[in-house]
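In: Have a look at this fold, sequence not included:
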């Protein structure tokens, strides 16, 4: 991801991350974060999804993952995750963590399919509405040498 991608990433963020999307300043800060990894998914030369990660060896954390509503159910989110997790595993990262709203069943199914397991709960973590977050973790050491 590059700063030039920001307008399209912002459009997707505002459409996909209701009711609490990040603003342009927050997105730009993630693009330039020293320990951040920012990826975009493109199809037909158009950005259709993105992911923001933070890293602190041997751990990584997914901060944000979104796909444009009109491009969902086409494997973009899986592709972004697999690309990042494979890269992290190749750099000897051991784990990837994330939080997901307890009610977000579609995201939970995706993460489970990719191999994330629940390791905890953060009570009242989210606002708008107040909701618990499930803490998930993916072991990356078993990914090394494979294409997932």
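Out: Alright, I've got the coordinates. Everything numeric in this text was worked out from a predicted model, so none of it was measured.
In: Show me which residues of stretch 78-93 are buried.
Out: Residues of stretch 78-93 classed as buried under the neighbour-count rule (16 or more other C-beta atoms under 10 Å) are 79, 80, 81, 84, 85, 86, 88, 89, 93. C-beta here means a position set from N, CA and C on the backbone, and glycine is covered the same way.
In: now the residues you listed in JSON lines, with distance to residue 51, pLDDT and secondary structure?
Out: Listed next are the buried residues of stretch 78-93 as JSON lines, based on distance: C-beta to C-beta, whole Å; pLDDT from 0 to 100; DSSP: H, G, I helix; E, B strand; the rest coil:
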{"residue": "79", "distance to residue 51": "10", "pLDDT": "94", "secondary structure": "helix"}
{"residue": "80", "distance to residue 51": "4", "pLDDT": "95", "secondary structure": "helix"}
{"residue": "81", "distance to residue 51": "7", "pLDDT": "96", "secondary structure": "helix"}
{"residue": "84", "distance to residue 51": "6", "pLDDT": "96", "secondary structure": "helix"}
{"residue": "85", "distance to residue 51": "10", "pLDDT": "96", "secondary structure": "helix"}
{"residue": "86", "distance to residue 51": "13", "pLDDT": "94", "secondary structure": "helix"}
{"residue": "88", "distance to residue 51": "12", "pLDDT": "95", "secondary structure": "helix"}
{"residue": "89", "distance to residue 51": "16", "pLDDT": "94", "secondary structure": "helix"}
{"residue": "93", "distance to residue 51": "15", "pLDDT": "95", "secondary structure": "coil"}
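In: which of the residues you listed sit farthest apart?
Out: The largest distance within the buried residues of stretch 78-93, taken as C-beta to C-beta, falls between 79 and 93 and amounts to 18.8 Å.
In: all helices of the chain, in order?
Out: 6-16, 24-32, 76-90, 105-114 (DSSP state H).
In: TSV for the ones you listed, including distance to residue 123?
Out: Formatted as TSV, these follow (distance: least, C-beta to C-beta, whole Å):
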stretch	distance to residue 123
helix 6-16	25
helix 24-32	24
helix 76-90	26
helix 105-114	17
